[in-house]
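Trainee: sequence first, predicted coordinates after that:
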Amino acid sequence: GAVVSQHPSWVICKSGTSVKIECRSLDFQATTMFWYRQFPKQSLMLMATSNEGSKATYEQGVEKDKFLINHASLTLSTLTVTSAHPEDSSFYICSARGAGGFSYEQYFGPGTRLTVT
Amino acid sequence: GQNIDQPTEMTATEGAIVQINCTYQTSGFNGLFWYQQHAGEAPTFLSYNVLDGLEEKGRFSSFLSRSKGYSYLLLKELQMKDSASYLCAVRGNYGQNFVFGPGTRLSVLP
């Protein structure tokens, strides 16, 4: 149980275009999803926290107009990188936390590698 | 503010025991997590500590001292497949978000 998927697993796009990454909880309802970015040989940096049906909370330094997050249902959150630039090339990972009770664990998706040319 | 520190790299021999330390200073504390991450893959959960003491799970054990802001992950009977990055993460009181440490890259040599 507790499987999180991401799509696509990798994407190459041209500078200036937008890319959408999907994060789905496959066998549980996720009230909260987290989006992380990881540059090579660095740790995960939390970008934003999204709760189903409400606006995402962005970490300091993350541009909310550039990284659009939508958490429309209890099983789906999307991250759209708008007007992508080469410096946005990174490994984007989502995680999800279940609904109900005391859920102490985050379940991570497999990640999406974005390359902007 | 929040600060989590781990050694950047460690090397150990197959079959040996290695201890990866994590120190933290956070504005709140509601649990410490250890994750394993192989290159190009997402992190996988290893352990969770919220009370002081040792949690053992097979070849992996994790220790927590809240008063010292200190944790370690102990890996026994090292195998080549244990070569990976090990991430320490702390959940604070605010919104229960995780803050990840810089990670420790462990190389297991034959």
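Mentor: Thanks, I have it. Residues are numbered from 1 along each chain as shown, chains lettered A, B, ... in the order given.
Trainee: is chain B contacted by stretch A:69-84?
Mentor: No. Applying C-beta under 8 Å from any C-beta of the partner chain, one finds stretch A:69-84 separated from chain B by no less than 14.3 Å. The way it works is simple: take the backbone N, C-alpha and C, and place the C-beta from them, glycine included.
Trainee: what's near enough to touch residue B:33?
Mentor: By C-beta atoms under 8 Å, 6 or more residues apart in numbering or on different chains, residue B:33 lies in contact with A:105, B:45-48, B:88-91, B:98.
Trainee: show me those residues that map onto strands.
Mentor: Among the contacts of residue B:33, the ones falling in strands (DSSP state E) are B:45-48, B:88-91, B:98.
Trainee: burial of the nearest residue to residue A:90 once chain neighbours are set aside, as a residue count?
Mentor: In space, residue A:90 comes closest to residue A:37 once its chain neighbours are excluded; the distance is 4.9 Å by C-beta to C-beta, 6 or more residues apart in numbering or on different chains. Counted by other C-beta atoms under 10 Å in any protein chain shown, the residues lying close to residue A:37 total 21.
Trainee: just residue B:109 next, same as before
Mentor: 11.
Trainee: show me where chain B dips below the pLDDT cut-off.
Mentor: B:1, B:93-96 (pLDDT under 70).
Trainee: spell out which parts of chain A neighbour chain B.
Mentor: Near chain B, when you scan chain A using C-beta under 8 Å from any C-beta, you find A:34, A:36, A:41-46, A:49, A:57, A:91, A:93, A:97, A:104-111, A:113.
Trainee: just the buried residues of these.
Mentor: A:34, A:36, A:43-46, A:49, A:91, A:93, A:97, A:106-109, A:111 (16 or more other C-beta atoms under 10 Å in any protein chain shown).
Trainee: packing partners of the lowest-mean-pLDDT helix or strand in chain A?
Mentor: When each helix and strand of chain A is scored by mean pLDDT, DSSP states H and E, strand A:107-108 comes last, with a mean of 88. On a contact count with 3 or more C-beta pairs under 8 Å, 6 or more residues apart in numbering or on different chains; DSSP states H and E, strand A:107-108 meets strand A:90-98.
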